[in-house]
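Chemist: Please work out how this folds:
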Amino acid sequence: MVSKALLYIGLVVGVIGMGSAIAYGTANQQNYVPDDAAFAPAAEQGSITSDSGLGLN
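Modeler: Have a look, this model is predicted:
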């Protein structure tokens, strides 16, 4: 019974750790976008449609 509790505690700690690392990385990356940043030409053209039905439309 103790081993199951330790497993669940480890999972909770891992999920919280991963979530906080992702949140920190996202916030930190947004701080480094320069004010004069511009979209790449491919980003300005819009989304790419897929004829195969496997991609997002």
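Chemist: which residues touch the most centrally placed residue in the chain?
Modeler: Nearest residue to the geometric centre of the chain (C-alpha atoms, centre = their mean): Ile22, 6.5 Å. Ile22 makes no contacts at all, as judged by C-beta atoms under 8 Å, 6 or more residues apart in numbering. (Each C-beta comes from the backbone N, C-alpha and C, glycine too.)
Chemist: so how far is Tyr32 from it?
Modeler: 16 Å (C-beta to C-beta, to the nearest Å).
Chemist: From Ile9, how far out is the residue nearest to the centre of the chain?
Modeler: On the measure of C-beta to C-beta, Ile22 and Ile9 end up 21 Å apart.
Chemist: What of Ala43?
Modeler: Relative to Ile9, Ala43 is positioned 43 Å away (C-beta to C-beta).
Chemist: go on, Val33?
Modeler: 38 Å.
Chemist: now Asp36
Modeler: To Ile9, Asp36 is 47 Å away according to C-beta to C-beta.
Chemist: which one of these two has more residues nearby?
Modeler: Legend: neighbour count by other C-beta atoms under 10 Å for Asp36 and Ile9, higher for Ile9 (10 against 5).
Chemist: what's the first-to-last distance across stretch 36-44?
Modeler: This stretch, stretch 36-44, spans 16 Å end to end (C-alpha to C-alpha, to the nearest Å).
Chemist: i'd like the first residue to be 21 from this point on
Modeler: Yep, numbering from 21; the last one is stretch 56-64 now.
Chemist: and it, which residues are buried?
Modeler: Residues of stretch 56-64 include none that count as buried (16 or more other C-beta atoms under 10 Å).
Chemist: average pLDDT for it?
Modeler: The predicted model gives stretch 56-64 an average pLDDT of 81.
Chemist: Can you show me the helices along the chain?
Modeler: With helices called from DSSP state H, the chain shows them at 22-51, 61-64.
Chemist: Now do the longest one: distance to the chain's middle.
Modeler: Offset of helix 22-51 from its chain centre (C-alpha atoms, centre = their mean, to the nearest Å): 13 Å.
Chemist: Also stretch 48-61?
Modeler: Computed by C-alpha atoms, centre = their mean, the chain-centroid distance of stretch 48-61 equals 17 Å.
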